[in-house]
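*Asks:* build me a model from this:
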Amino acid sequence: MKSWYALSAIGRDRPGIVADLAELIYECDCNLEDSSMTILGSEFAVLLLLSATGPDAEQRLSSGCKRLEWEKRLTVFFRPLEGEPVAYATRARARRYGLQVIGVDRAGIVAKIARCLADHAVTIAAMTTQSRPEPESGTPIYTMRMDLDVPEQVDADALGKRLQAIGEDLQIDVAFDADIR
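*Replies:* Numbering: from 1, shown residues only. Below you'll find the model as predicted:
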């Protein structure tokens, strides 16, 4: 029987972190099913979805994660999942949209946009944000990009209008479209 695990790790960015994690997964007879990795400031962060068929995978992963924490100075967390993860096919009933927000950095941008999406049962499949000073004035400009899974029953036009209203309230540019990726 196949077992599933979620694993996260964070540590000071350096060459070899992905190799260290991939070797751990290989040594524990696990399969890397899905991953998301990024550098945040000077830290490398990763989320992994693993599967295994061996009876002792959980014990091997536990020992291997502790070893990586000690030897490679990573903070590693893993946990077994209850049953098989939601198949990507079930998300096929949703429509993929992109959302891009750009404007002067201010408190509440992510909170207000994310609450609006949650209120419409929209899943945020991926999100990146960054605040960078504008070259000429030094004013911090905030950029947020999201990949969204919008359920079929949600009126995308009404959702787009609600997002535009939030943009007007926060004085930011909001682009919501099936073609933005």
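*Asks:* got the contact list for residue 27?
*Replies:* 60, 64 (CB atoms under 8 Å, 6 or more residues apart in numbering). (Glycine included, C-beta is placed from N, CA and C.)
*Asks:* and stretch 113-130, how far out from the chain's middle?
*Replies:* The chain centroid and the centroid of stretch 113-130 are separated by 11 Å, computed with CA atoms, centre = their mean, to the nearest Å.
*Asks:* list the buried ones in it?
*Replies:* 113, 117, 120, 122 (16 or more other CB atoms under 10 Å).
*Asks:* can you check stretch 16-25 too?
*Replies:* Residues of stretch 16-25 classed as buried by neighbour count (16+ other CB under 10 Å): 17, 20, 21, 24, 25.
*Asks:* circling back: among the buried residues of stretch 113-130, which are in helices?
*Replies:* Judged by DSSP state H, the buried residues of stretch 113-130 include 113, 117 as members of helices.
*Asks:* all strands of this protein, in order?
*Replies:* Listed in chain order, the strands of the chain (DSSP state E) span 3-12, 30-40, 43-52, 75-80, 94-104, 123-133, 140-151, 172-177.
*Asks:* so which of these gets nearest residue 69?
*Replies:* Nearest to residue 69 among the strands of the chain is strand 75-80; the distance by CB to CB comes to 5.4 Å.
*Asks:* the one residue sitting closest to the centre of the chain: what's it in contact with?
*Replies:* With distances taken as CA atoms, centre = their mean, the residue of the chain nearest its centroid is residue 126 (4.9 Å). Residue 126 is in contact with 36, 146, 147, counting by CB under 8 Å, 6+ apart.
*Asks:* switch to 10 Å and redo it
*Replies:* 36, 98, 145, 146, 147, 148 (CB atoms under 10 Å, 6 or more residues apart in numbering).
*Asks:* what about residue 93, how many neighbours?
*Replies:* Counted by other CB atoms under 10 Å, the residues lying close to residue 93 total 10.
*Asks:* again with residue 52
*Replies:* Using other CB under 10 Å, residue 52 has 21 neighbouring residues.
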